[in-house]
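[1] need a 3D model of the sequence below.
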Amino acid sequence: MTGQHVLNEISQAIAETRDLTVTDLSDDVLASDQPLVIRGLAADWPAVKHGRESVDRVIEYLQGFDSDNVVTALHAPPEAAGRIFYNEDMTAFNFEYRRIALKEAMQQVRSHIDLPSPPSLYIGSTNVDHWLPGFREQNDIPIQHLAPLVSIWIGNQSRVSAHYDFPSNIACVVAGHRRVILFPPEQLPNLYVGPLDFTPAGQPISLVDFCAPDYDRFPKFREAIKSAQMAVLEPGDALIVPSMWWHHMEALDAFNVLVNYWWRSSPSYMGPPLSVLQHAMLGLRDLPEAQREQWRELFDFYVFNPQKDNFEHIPEAARGVLNPIDEQSARQIRKMLRDKLL
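    So this is what the prediction gives:
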């Protein structure tokens with residue numbers, strides 16, 4: 001049975017406020033494990049003001065910062081209806097990558113505005129400081145102490161399936177509107193996530209079509225919907241997405257721009273957790289059940305539930321990786337892993 005768009009089944013709105021400005025973003029707000037819509041956070045950005053005025057004005061404004069570097073854009077045919085996804089048998093994607101100048105890409109999107117069923121052009125996660133130097137001098141959130149990676153996303157109507165990001169995230173809408181549907185991390189079993197190593201844009205995604213969910217194929221998705229939260233963001237609005245929350249993003253207008261800030265709550269020299277998962281699949285997943293359970297105990301003891309007194313019987317100078325990880329020990333661990341994996 002195929003259902004209607006899940007928006008008709010979601011009853012919970014993402015919590016929101018209109019009382020925060022860019023100078024009010026305390027570390028407590030940014031470190032929350034719950035999502036938050038901040039209405040008007042970026043409303044004073046010149047880019048947002050141009051975006052509210054017209055598509056041509058915001059394109060002209062963005063082109064004023066263009067560094068003439070080529071970007072990678074995703075191009076999908078009209079029949080994809082904006083969905084960035086796989087082909088029917090999941091042997092490839094339903095789009096192709098194109099290398100194109102940013103100015104040309106924006107003009108292509110502009111030329112499709114009046115088409116009833118345009119092809120999709122999607123420029124995702126493009127580093128602002130590299131491709132639009134100077135943009136942040138006029139349009140920014142002052143969270144430099146978090147060393148964020150700041151990216152811009154440009155395109156026409158698009159649907160990016162539910163996925164998670166390890167870094168925390170503030171997403172600011174510059175032009176167009178965005179529908180966002182969020183799920184807490186524990187909904188993983190109900191989202192029917194696709195491959196880990198063959199993904200449209202780097203992160204594993206839900207295989208459920210949110211516009212027409214197939215409940216015969218994905219019956220547990222009904223459980224996920226019970227925990228879903230939704231919001232529609234306007235130009236100037238921002239959304240805090242905590243680490244590991246699943247987020248389904250829809251760009252609703254004929255021209256859309258979003259700027260987002262990713263940051264880690266751990267030092268940058270720490271390794272990516274997904275690599276741990278992949279290595280565990282290589283070394284642990286297919287062991288006999290009894291051995292997996294024994295390794296579960298080790299992981300709990302050393303990683304997930306380490307107690308302060310676990311290692312007091314070892315002289316501190318001899319604890320090695322059992323001590324808190326610093327940048328030097330992180331380099332040593334990486335070298336050790338490289339040597340063992342060769």
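[2] pLDDT averaged over the host helix or strand of G124 - what is it?
    If you go by DSSP states H and E, G124 is part of strand 120-127. Mean pLDDT, strand 120-127: 95.
[3] which strands and helices lie in contact with that strand?
    Counting contacts by 3 or more C-beta pairs under 8 Å, 6 or more residues apart in numbering; DSSP states H and E, strand 120-127 packs against strand 70-76, helix 102-111, strand 149-155, strand 158-163. In short, each C-beta sits where N, CA and C put it, glycine included.
[4] can I get the third one in CSV, CA atoms only?
    What that stands for is strand 149-155. The C-alpha coordinates for strand 149-155 follow below in CSV (Å, rounded to 0.1, in the frame of the first residue of the first chain):
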residue,chain,number,x,y,z
LEU,A,149,32.7,24.2,8.3
VAL,A,150,30.5,26.7,6.4
SER,A,151,28.8,25.4,3.2
ILE,A,152,26.2,26.7,0.7
TRP,A,153,23.5,24.7,-1.0
ILE,A,154,21.9,26.0,-4.2
GLY,A,155,19.3,24.6,-6.6
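[5] any idea how far G202 is from E312?
    41 Å (C-beta to C-beta, to the nearest Å).
[6] ok, now Q144?
    According to C-beta to C-beta, Q144 and G202 sit 25 Å apart.
[7] same check, this time on A15
    Going from A15 to G202 by C-beta to C-beta gives 28 Å.
[8] again, but for S275
    Going from S275 to G202 by C-beta to C-beta gives 13 Å.
[9] likewise for H145?
    H145 sits 26 Å away from G202, taking C-beta to C-beta as the criterion.
[10] the most centrally placed residue in the chain: what secondary structure?
    Centroid check for the chain by C-alpha atoms, centre = their mean gives D165 as the closest residue, at 4.5 Å. Classification of D165 using DSSP: H, G, I helix; E, B strand; the rest coil returns coil.
[11] got it, and D209?
    On the basis of three-state DSSP, D209 is classed as coil.
[12] in this structure it contacts A81, no?
    No - contact criterion C-beta atoms under 8 Å: D209 and A81 do not qualify, at 9.8 Å.
[13] the two: which has the busier surroundings?
    For D209 versus A81, neighbours defined as other C-beta atoms under 10 Å are more numerous around D209 (19 against 16).
[14] phi first, then psi, for that one.
    phi -80, psi 110 (degrees, to the nearest 10).
[15] for P133, same thing?
    Here is the backbone geometry of P133 (degrees, to the nearest 10): phi -60, psi 140.
[16] any idea how many residues pack against R222?
    Neighbour count for R222, taken as other C-beta under 10 Å: 14.
[17] can you check the pLDDT for it?
    In this prediction, R222 carries a pLDDT score of 96.
[18] ok, the closest residue to A330 other than its chain neighbours - contacts?
    Excluding the flanking residues, the one nearest A330 by C-beta to C-beta, 6 or more residues apart in numbering is Y269, at 4.4 Å. Y269 makes contacts with E327, A330, R331, as judged by C-beta atoms under 8 Å, 6 or more residues apart in numbering.
[19] what's the answer for E250, then?
    So E250 contacts G82, Q157, S158, R159, V160, R178, R179, V180, F210 (C-beta under 8 Å, 6+ apart).
[20] relative to Y122, how far out is the third one?
    Meaning S158. 5 Å.
[21] what sits in contact with each of the two?
    The overlap between the contact sets of S158 and Y122 (C-beta under 8 Å, 6+ apart) consists of I84.
[22] next, the angle strand 120-127 makes with whichever strand or helix holds V257.
    Using DSSP H and E, V257 maps to strand 256-263. Relative orientation of strand 256-263 versus strand 120-127 (axes from the mean of the first three to the mean of the last three C-alpha atoms, to 10 degrees): 30 degrees.
[23] and strand 256-263, what does it pack onto?
    Strand 256-263 packs on helix 46-53, strand 149-155, strand 168-175, going by 3+ C-beta pairs under 8 Å, 6+ apart.
[24] what do you get if the cut-off is 6 Å, keeping everything else the same?
    In terms of contacts (3 or more C-beta pairs under 6 Å, 6 or more residues apart in numbering; DSSP states H and E), strand 256-263 is packed against strand 149-155, strand 168-175.
[25] hang on, the earlier thing: save the helices and strands packed on strand 120-127 as CSV, and put in mean pLDDT, mean neighbour count and distance to L239 too.
    Shown next, in CSV, are the helices and strands packed on strand 120-127 (pLDDT from 0 to 100; neighbours: other C-beta atoms under 10 Å; distance: least, C-beta to C-beta, whole Å):
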stretch, mean pLDDT, mean neighbour count, distance to L239
strand 70-76, 96, 18, 22
helix 102-111, 95, 18, 23
strand 149-155, 97, 23, 13
strand 158-163, 97, 23, 14
